[in-house]
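J.: Predicted model and sequence below, questions to follow.
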Amino acid sequence: MIKSWIGIACLCLTLGGCSTQVTRVDPEETIDLSGTWNDTDSRLVSEEMIQDALSRPWISNFVRDNGHPPAVIVGAVRNLSHEHINVNTFVADLERALVNSGQVDFVASSVDRKEIREERIEQDLNAREDTRNAAGQEIGADFMLKGQINTILDTEARKQVRYYQVDLTMISMADNRKVWLGQKKIKKLVKDGSVRP
């Protein structure tokens, strides 16, 4: 009987030691477990680069020449790194920083526009006339923000240097001029027995 109770107690201790533990943390807190690109990198890079873009003369030059803020759309941001990086979260961070700046108008992406246009067709067929939003009233973008994320790895034994370079370009839709070039670099030294590319 005593052996049975000891066996049950050991089993409980073993199972309890393997349980998953979850701790809620502040989303702004920096937690870097693997050294790969993470949410903190995405947020910090987007905020810093958009702040730089909004401080450059292309905005004031456009307002001076046209009398209204420029309309911006985010185009493709390509992941050319060795990692799987969720570019959608990075693009969302860029969009949020642009919209919240109040310095530019922001045009919906091609995916968003398609859904909105379908809704306008539905309104045209089914909504009361005084509540319909007519087609052909969209604002065209004056500038497109495009970019890419690149990496370089340097590995030796149990150490690895991960170098990230994010390049963004603001391009005039009217004449393809590049009016702003932004670049942000991140370098991480990872020391671990299981480091791998």
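T.: Here it is on my side, so go on. Numbers count the residues shown, from 1 in each chain.

J.: Helix, strand, or coil at the most centrally placed residue in the chain?
T.: A centroid search over the chain (C-alpha atoms, centre = their mean) returns residue 90, at 0.9 Å, as the residue closest to the centre. Residue 90 carries the three-state label helix when classified by DSSP: H, G, I helix; E, B strand; the rest coil.

J.: how close does it get to residue 50?
T.: Remark: distance between residue 90 and residue 50 (C-beta to C-beta, to the nearest Å) = 11 Å. Where you see a C-beta, it was placed from the backbone N, CA and C, and this is true even at glycine.

J.: swap in residue 169?
T.: Distance from residue 169 to residue 50, by C-beta to C-beta: 13 Å.

J.: for residue 154, same thing?
T.: Residue 154 is 29 Å from residue 50, by C-beta to C-beta.

J.: C-alpha coordinates for stretch 39-57, PDB please?
T.: Only the C-alpha atoms of stretch 39-57 are listed here, as PDB (Å, rounded to 0.1, in the frame of the first residue of the first chain):
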ATOM      1  CA  ASP A  39       7.800  42.000 -32.400                       C
ATOM      2  CA  THR A  40      10.200  44.500 -30.700                       C
ATOM      3  CA  ASP A  41      12.300  44.700 -33.800                       C
ATOM      4  CA  SER A  42       9.300  45.300 -35.900                       C
ATOM      5  CA  ARG A  43       7.800  48.000 -33.700                       C
ATOM      6  CA  LEU A  44      11.100  49.900 -33.100                       C
ATOM      7  CA  VAL A  45      12.200  49.800 -36.700                       C
ATOM      8  CA  SER A  46       8.900  51.000 -38.000                       C
ATOM      9  CA  GLU A  47       8.500  53.800 -35.500                       C
ATOM     10  CA  GLU A  48      12.000  55.100 -36.000                       C
ATOM     11  CA  MET A  49      11.900  54.900 -39.800                       C
ATOM     12  CA  ILE A  50       8.500  56.600 -40.100                       C
ATOM     13  CA  GLN A  51       9.600  59.300 -37.700                       C
ATOM     14  CA  ASP A  52      12.600  59.900 -39.900                       C
ATOM     15  CA  ALA A  53      10.400  59.900 -43.100                       C
ATOM     16  CA  LEU A  54       8.000  62.400 -41.600                       C
ATOM     17  CA  SER A  55      10.800  64.800 -40.600                       C
ATOM     18  CA  ARG A  56      12.200  65.100 -44.100                       C
ATOM     19  CA  PRO A  57      11.300  67.900 -46.600                       C
END
